[in-house]
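In: okay, sequence plus prediction incoming.
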Amino acid sequence: DAGVIQSPRHEVTEMGQEVTLRCKPISGHNSLFWYRQTMMRGLELLIYFNNNVPIDDSGMPEDRFSAKMPNASFSTLKIQPSEPRDSAVYFCASSLALGRRADQPQHFGDGTRLSIL
Amino acid sequence: AQTVTQSQPEMSVQEAETVTLSCTYDTSESDYYLFWYKQPPSRQMILVIRQEAYKQQNATENRFSVNFQKAAKSFSLKISDSQLGDAAMYFCAYKVDFGNEKLTFGTGTRLTIIP
């Protein structure tokens, strides 16, 4: 079975440019998560969707960040305009949420390493 | 707010020996999940083991086992017969059972395997 697929694997761009990260969750999963990993802050949740609806976006740093999930098989995380402090590894994960005492674990993609110059 | 603490930034173990990684957490919930994820240099996040808080029996997956102490809010990972491929960052993570699917991670422990 295909796991969570993220693209691109690496992205290097100039400050001020728009960056779009893409994610395809595991087929049949109903929850999708975007995490950011940095040396300073570790792994932190940015936003998650359930059945394509954003549920918790309290981790989104500021208005420059936006995330969408137009359908069950695709999500994007966009940064506009990008800044050097956005440099990090961005992970997408998906899971099957079945309710109380029945949730399945999150499976992660390989991440996108983003470098803003 | 829930917090997860890993007090050992680095650990090392001789190949074939046993090592235990520590994790403590803070929560007011009674139902939750705890996880150990492994991140090798390839930077994949790989689920190692999962524990449901309502289950008293400690989870086991082959050479990996946990010591879950609910009252003490402690969740340690034991790796038996350590292998070179076990070298990685290990992250402890917490998720409440119902209402919010967010994973809260610890800061990680870097495990080195000495041949």
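Out: Perfect, thanks for sending it.
In: could you use CA atoms for every contact and neighbour count after this?
Out: OK.
In: how about the contacts made by the residue nearest to the spatial centre of chain A?
Out: By C-alpha atoms, centre = their mean, chain A has its centre lying nearest to residue A:34, at 2.6 Å. Contacts for residue A:34 were tallied using C-alpha atoms under 8 Å, 6 or more residues apart in numbering or on different chains; they are A:45-48, A:77, A:90-93.
In: now, these that are in strands?
Out: A:45-48, A:77, A:90-93 (DSSP state E).
In: about what we covered before: restrict the contacts of residue A:34 to contacts with chain B.
Out: A:45, A:48 (C-alpha under 8 Å from any C-alpha of the partner chain).
In: neighbour-wise, which of the contacts of residue A:34 leads?
Out: Neighbour counts for these, by other C-alpha atoms under 10 Å in any protein chain shown, peak at residue A:92, which reaches 31 neighbours.
In: skipping its backbone neighbours, what lies nearest that residue in space?
Out: Spatial nearest neighbour of residue A:92, excluding adjacent residues (C-alpha to C-alpha, 6 or more residues apart in numbering or on different chains): residue A:34 at 4.6 Å.
In: what's opposite the residue nearest to the centre of chain A in the beta bridge?
Out: As for beta bridges, residue A:34 partners with residue A:47, residue A:92 under DSSP bridges.
In: from residue B:43, how far out is it?
Out: Using C-alpha to C-alpha, to the nearest Å, residue A:34 is found at 15 Å from residue B:43.
In: what does residue A:110 give?
Out: Distance from residue A:110 to residue B:43, by C-alpha to C-alpha: 7 Å.
In: which of those two has more neighbours?
Out: For residue A:110 versus residue B:43, neighbours defined as other C-alpha under 10 Å are more numerous around residue A:110 (23 against 17).
In: which of the helices or strands spans that one?
Out: In this structure, residue A:110 sits in neither a helix nor a strand according to DSSP states H and E.
In: excluding its backbone neighbours, what's nearest it?
Out: residue B:44 (5.0 Å).
In: just residue B:93 next, same as before
Out: Of all residues not flanking residue B:93 in the chain, residue B:105 sits nearest, at 4.3 Å (C-alpha to C-alpha, 6+ apart).
In: so what's that neighbour up against?
Out: Shown in contact with residue B:105 (C-alpha under 8 Å, 6+ apart): A:42-44, B:3-4, B:91-94.
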